[in-house]
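>>> Sequence and predicted structure below; questions after.
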Amino acid sequence: MSRAHFDEILADEARPVLVDFSAEWCGPCGDLAPELERFAQAEQDRLRVVSVDFDAHPELSDRYDIESLPTLVLFADGAPVLRLAGPDGLEKVAAGLDALYTTGPGAAPAEPDASNPAPPPKRSLVLCGTGPTVTIKPAAKPRDEAGVPEVTIAVPGGHSAVAEVRTAEELHALAGVCPDALDGLIISSETPVDLSLVVRLTGLSFLELDAPGLDAGQVARLSALRRLRHLQVEEPDDEYDDGALAFEEAIRALHVSLPDTEINGQWASRELLHLLTEEDQGVQEPGGVVEAALEARHRGEGNVTAYLVLTLPERAHAFTPGSTEGRPVSVTLPEGSSWRFVGEPVFPHAADVQVTGAVLIAMDLVGTGDCLDLEVSVQVCQDGVCFPPIELYLTCVPVPAP
């Protein structure tokens, strides 16, 4: 399924399209495949099913923010209307099809009564797409006498409204929108935006924000959006400068002030909120939390034994397919390292080539240098969902021999 073919199908197919994002290394994807084939045959009169390889077409995976596999996305009239992560979603897809065919694919809002015609509303946003979600995208921008864009939004009953803007001017067009009119807002701007226009939209439950110039103070203002359930904020590129550290502190504060909101893919109950507000070395996403600790001890001149401890989340395991070395966990030295392995790393015994819980990996190395750096790749599967390899970069100072 190439990108061009994918876009052609979405544009030309009259039936809804179910897209299966999968990969060869994803075990649950293989388990889902025969069920998906049977489902496709059973629903062929009202559904087309296609598959996209996560690794072969990263541009499509990026377009739809695919971060776990398998992920099923149902499209109607070329627009996504349902997204399900994990292998257990076909019953919900069937229910989604029932809803689409009940309301009618391509159904539009009712026209005004011709017997009592009303002037068309002035608006700079138009409805695009049908189904459970109605997407609102910028269009022409009629202005009032003061030159301020005027906006009128008509959303079918029972549907949610999502605005997508790409410039500060388009965001300014939302200044006249009722604070409760929008359920979602996606901002992808190459220029700074005024967050005061965002925080007034108190009805938002979904917000994605990608714009330059965001600082900790601006991010902190998002705490006014008490109805938010999903928040994605693009983080600074340089994760080590003072501004980035303040930004991280602001995100932690949002976790406290918005306890029911998933922020940048993370959420925890109040009892576990501290897990999101603490600095944990080696914590990586996705796939839950994988913790890593590295220690090394000198055994003689130029010889060390290193101990790597990986702690996988509950109900998760690491498995072989993602490892270039045919092991559940791949451990390599960075290019140009002054160290080299002596023999092979020692893994715990795993008859099914899977490791779970806390995993101890021992390695003998020889070389010079004050620090030992390792690159670790872990393939994680949890609750029937597989994730791309998690990359860990660990360092330690070997301690002297006793």
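Received the coordinates, thanks. Numbers count the residues shown, from 1 in each chain.
>>> Any buried residues in stretch 252-266, and which?
Buried residues in stretch 252-266, defined by neighbour count with 16 or more other CB atoms under 10 Å: 254-255, 258, 261-264. C-beta coordinates here come from the backbone N, C-alpha and C atoms, glycine included.
>>> average pLDDT across it?
Across stretch 252-266, pLDDT averages out at 78.
>>> Neighbours of Asp7, how many?
Per other CB atoms under 10 Å, the neighbour tally for Asp7 reads 12.
>>> Looking at it now. What's its pLDDT?
Per the predicted model, pLDDT is 90 at Asp7.
>>> Quick one: list the elements packing against the strand or helix carrying it.
Taking DSSP states H and E as the definition, Asp7 sits inside helix 3-12. Judged by 3 or more CB pairs under 8 Å, 6 or more residues apart in numbering; DSSP states H and E, the packing partners of helix 3-12 are strand 17-22, strand 48-53, helix 58-63.
>>> Show me the shaky parts of this structure.
Residues of the chain meeting the criterion pLDDT under 70: 1, 103-160, 176, 237-242, 265-289, 320-327, 348-353, 402.
>>> Show me which pair in the buried residues of stretch 252-266 is furthest apart.
Leu258 and Asn264 (11.9 Å; CB to CB).
>>> Same list, the helices and strands packed on helix 3-12, but as a markdown table with distance to Leu394 please.
Converted to a markdown table, the helices and strands packed on helix 3-12 look like this (distance: least, CB to CB, whole Å):
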| stretch | distance to Leu394 |
| --- | --- |
| strand 17-22 | 30 |
| strand 48-53 | 31 |
| helix 58-63 | 26 |
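>>> Helices along the stretch 201-350 of the chain, start to end?
216-220, 242-257 (DSSP state H, counting those that start in this stretch).
>>> Can you check which of those gets nearest to Ser51?
helix 242-257 (35.5 Å).
>>> picking up where we left off before, mind giving me TSV with the helices and strands packed on helix 3-12 and columns for mean neighbour count and distance to Leu209?
Shown next, in TSV, are the helices and strands packed on helix 3-12 (neighbours: other CB atoms under 10 Å; distance: least, CB to CB, whole Å):
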stretch	mean neighbour count	distance to Leu209
strand 17-22	23	24
strand 48-53	17	27
helix 58-63	13	18
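>>> wait, which of the ones you listed is closest to Leu84?
strand 17-22 (9.9 Å).
>>> Just list what the following helix or strand past the closest one packs against, helices and strands only.
Downstream of strand 17-22, the next assigned helix or strand under DSSP H and E is helix 27-42. Applying 3+ CB pairs under 8 Å, 6+ apart, we find helix 27-42 packed against strand 17-22, strand 48-53, helix 90-103, strand 385-386.
>>> For Ala293, which of those is the nearest?
strand 385-386 (24.5 Å).
>>> tell me what the closest one is packed against?
Here strand 385-386 touches helix 27-42, going by 3+ CB pairs under 8 Å, 6+ apart.
>>> So which bits of the helix it packs on are buried?
Going by neighbour count (16+ other CB under 10 Å), the buried part of helix 27-42 is 27-29, 32, 36, 39-40.
>>> With respect to Val93, which of the residues you listed is nearest?
Proximity of those to Val93 (CB to CB) peaks at Phe39, which lies at 7.5 Å.
>>> Please identify the most buried of the helices of the stretch 201-350 of the chain.
The highest mean neighbour count among the helices of the stretch 201-350 of the chain, using mean count of other CB atoms under 10 Å, belongs to helix 216-220: a mean of 18.
>>> and that one, C-alpha only, in PDB?
Provided in PDB are the C-alpha atoms of helix 216-220 (Å, rounded to 0.1, in the frame of the first residue of the first chain):
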ATOM      1  CA  ALA A 216       6.700  27.500  30.600                       C
ATOM      2  CA  GLY A 217       4.500  30.500  31.400                       C
ATOM      3  CA  GLN A 218       2.300  30.000  28.400                       C
ATOM      4  CA  VAL A 219       2.000  26.300  28.900                       C
ATOM      5  CA  ALA A 220       0.900  26.900  32.500                       C
END
